[in-house]
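> only geometry, no sequence info:
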């Protein structure tokens, strides 16, 4: 009989990094499949390019750091690339995908020391860097193919992603958040806009323009619930983040219905749900304790709401999550759990044994 | 003080004790103005002039300045030099002045200059003080231009754009368009790009240092000894 010596703990559950990452990938499948169905072959090419760039960068960095390439098996690079691709416009050209994948892995993760060490969410860091650097390409939103009736063939798809095939007229449109910003600056009241342009059904099932993975609230919810059921995440961050953007919207729209849109609009359009379930819950960059997670989630949701309503960008999930990522070490410092046998000031408890 | 080793002054200033890359001083102007190589060059020249002249004056007055009042005196000396540069740039290079703007007066608070005055010029004769000012200023200029060039080439696809504003129309040949029809990477021009570019330059410097350390040659130990003597 062979005996091995090992340190405690001796009981493990089977949750490895690889398993967590693959679980998240599984949860992303429904909204990804819907995105590829809605936006056709170019979207698939863009997704594959981003993931390939992320994995290739990871391999390159591991080589530079003289670490074994078997580390690729933890699939974290695949997941980062995948999340990034889902947050990009579906027909983003190949160089956006490659620069994004490289930025996410090399600058977002490996420079900090690799998996588990990064301060910021790599996918969101890359998305924000791309948004700031290439505002035109990052705000060109194609309509779903079944809305515009334009579904590019194989050659056209390669042209859109890898060449510079110009898109025909009428196949792109604004996201609903961007549309509202434009309309509001023209003086349309929120009530009129809500009645004429917003349809809860469209946002819920995902027939509006937007990033590849964020359009269908239903499928994002489905994936998110799978993550909670499979115990990769807990419900705290997604629920509180959604509410902290939704409740201010609800209150403001009750008192000032002319200027502010309500709960349904803010929760079901844009990337709020996607961010709440898949981005903000990143295990590395969110606080460890429950209280900390609640503060963090509140910040993510509320800052996103502020950016949407009062700032220049129509959507601010990336910014709000990165901002709260930066505060995460501080939150963790102040929300350390109570030590067993000690009071909240970390002093030993008095021996009051009867 | 024994005979000054001018060569080691230069190696210190340009490489082994470089203001920005080793002492990590003066990073504020470094990050703020280096959106193009030309801006870096202008800022570097201005800083270098202030460094040399304040080193010179401090060294001349070093017997008169008592230790108790030395910091205010140094600041007043540096501030007078900076005011001269500020007025000169405003009068003769107004376009560049508009770009560098606030950062010229802020050279007063540039800790690298006060650092050299305090650590070197107030203890050394005039000639070494001048040479030290030139060497340290050149080292800072070098980093400013490298960081500026990196950000400019990637950020907007040009190199030394508007150099003729700084150096006169005869230097128009320096303005190079590296990548024609380039839409630009705005991130590199914005402040985060400054931090990233500086980080890459520091990494590169340390990689070169490490490579030089591991290179098996006979001269290296002797050279190192000289440097450490110079630094001490």
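Alright, I've got the coordinates. Remember, predicted model here, so these are calculated numbers, not experimental data.
> Now name the helix or strand holding the residue positioned nearest the centre of chain B.
By C-alpha atoms, centre = their mean, chain B has its centre lying nearest to residue B:140, at 1.9 Å. In this assignment (DSSP states H and E), residue B:140 forms part of helix B:126-156.
> mean confidence score for that helix?
Averaging pLDDT along helix B:126-156 gives 92.
> helix or strand right after it?
By DSSP H and E, the next helix or strand past helix B:126-156 is strand B:158-159.
> packing partners for that following strand?
helix B:126-156, strand B:176-177 (3 or more C-beta pairs under 8 Å, 6 or more residues apart in numbering or on different chains; DSSP states H and E). Glycine gets a C-beta too; all of them are placed from N, C-alpha and C.
> Just the buried residues of the first one, please?
Translated: helix B:126-156. Neighbour-count burial for helix B:126-156 flags B:128-156 (criterion: 16 or more other C-beta atoms under 10 Å in any protein chain shown).
> Going by contacts, tell me the helices and strands next to that helix.
helix B:6-11, helix B:27-33, helix B:37-60, helix B:111-116, strand B:158-159, helix B:186-189, helix B:191-214.
> Does residue A:14 fall in a helix, a strand, or a coil region?
coil (DSSP: H, G, I helix; E, B strand; the rest coil).
> in terms of contact, does residue B:73 touch residue B:64 like I think?
No - between residue B:73 and residue B:64 there is no contact under C-beta atoms under 8 Å: 9.0 Å.
> more crowded one of the two?
When residue B:73 and residue B:64 are compared for neighbours, residue B:73 comes out ahead with 18 against 7, by other C-beta atoms under 10 Å in any protein chain shown.
> Please, which helix or strand holds the more buried one?
Going by DSSP H and E, residue B:73 is in helix B:70-92.
> got a list of contacts for that helix?
If you take C-beta atoms under 8 Å, 6 or more residues apart in numbering or on different chains as the criterion, helix B:70-92 is touched by B:42, B:46, B:49-50, B:53-54, B:57-58, B:61, B:65, B:96-97, B:100, B:104-105, B:107-108, B:113-114, B:117-118, B:122.
> and the nearest residue to residue B:176 once chain neighbours are set aside, how many residues sit next to it?
Spatial nearest neighbour of residue B:176, chain neighbours left out: residue B:159 (4.3 Å); criterion: C-beta to C-beta, 6 or more residues apart in numbering or on different chains. Neighbours of residue B:159 under the rule other C-beta under 10 Å: 19.
> So residue B:159 versus residue A:268, what's the distance?
Distance of residue B:159 to residue A:268, computed by C-beta to C-beta, to the nearest Å: 48 Å.
> Can you pull the residues of chain B lying near chain A?
B:183, B:184, B:185, B:186, B:187, B:188, B:190, B:192, B:196, B:199 (C-beta under 8 Å from any C-beta of the partner chain).
> Save these as JSON lines, and put in pLDDT too.
Below are these laid out as JSON lines (pLDDT from 0 to 100):
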{"residue": "B:183", "pLDDT": "77"}
{"residue": "B:184", "pLDDT": "80"}
{"residue": "B:185", "pLDDT": "85"}
{"residue": "B:186", "pLDDT": "86"}
{"residue": "B:187", "pLDDT": "88"}
{"residue": "B:188", "pLDDT": "88"}
{"residue": "B:190", "pLDDT": "89"}
{"residue": "B:192", "pLDDT": "88"}
{"residue": "B:196", "pLDDT": "91"}
{"residue": "B:199", "pLDDT": "91"}
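> Of the residues you listed, select the buried ones using a ChimeraX command.
ChimeraX command restricting those to the buried ones, with burial defined by 16+ other C-beta under 10 Å:
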select /B:185,186,187,188,196
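> first vs last residue of stretch B:173-189, how far apart are they?
End-to-end distance for stretch B:173-189: 23 Å, by C-alpha to C-alpha, to the nearest Å.
> Please state the offset of it from the chain centre?
24 Å (C-alpha atoms, centre = their mean, to the nearest Å).
> Same question for stretch A:62-82.
The answer for stretch A:62-82 is 20 Å, by C-alpha atoms, centre = their mean.
> Now do the buried residues in it.
Using 16+ other C-beta under 10 Å as the burial criterion, the residues of stretch A:62-82 that qualify are A:62, A:71, A:74, A:75, A:76, A:77, A:78, A:79, A:80, A:81, A:82.
> How about the contacts made by the first one?
By C-beta under 8 Å, 6+ apart, the contact set of residue A:62 is A:68, A:69, A:71, A:72.
> can we see that at 10 Å?
A:68, A:69, A:70, A:71, A:72, A:77, A:110, A:114 (C-beta atoms under 10 Å, 6 or more residues apart in numbering or on different chains).
> Figure out how far stretch B:211-218 is from the centre of its chain.
Distance of stretch B:211-218 from its chain centroid, counting by C-alpha atoms, centre = their mean, is 28 Å.
> what mean pLDDT does that stretch have?
The average pLDDT for stretch B:211-218 rounds to 78.
> where exactly do the helices run in the stretch 51-200 of chain A?
With DSSP state H, counting those that start in this stretch as the criterion, the stretch 51-200 of chain A has helices at A:76-86, A:94-102, A:122-133, A:145-148, A:154-162, A:176-186, A:190-197, A:200-205.
> Next, the angle from the helix holding residue B:73 to helix B:37-60.
In terms of direction (axes from the mean of the first three to the mean of the last three C-alpha atoms, to 10 degrees), helix B:70-92 departs from helix B:37-60 by 140 degrees.
> Next, the buried residues of the helix or strand following helix B:70-92.
Going down the chain from helix B:70-92, the next helix or strand is helix B:94-100, by DSSP H and E. The neighbour-count check on helix B:94-100 (16+ other C-beta under 10 Å) flags B:96, B:97, B:99, B:100 as buried.
> Is it possible to get TSV of these that adds pLDDT?
Below are these laid out as TSV (pLDDT from 0 to 100):
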residue	pLDDT
B:96	77
B:97	84
B:99	76
B:100	78
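> so which of these comes closest to chain A?
residue B:99 (21.5 Å; C-beta to the nearest C-beta).
> Leaving out the residues flanking it, which one is nearest to that closest one?
Closest residue to residue B:99 apart from its sequence neighbours, by C-beta to C-beta, 6+ apart: residue B:39 at 5.8 Å.
> What values do phi and psi take at the residue of the stretch 151-300 of chain A found nearest chain B?
Per C-beta to the nearest C-beta, the residue of the stretch 151-300 of chain A with the smallest distance to chain B is residue A:164, at 11.6 Å. Main-chain torsions, residue A:164, degrees, to the nearest 10: phi -130, psi 50.
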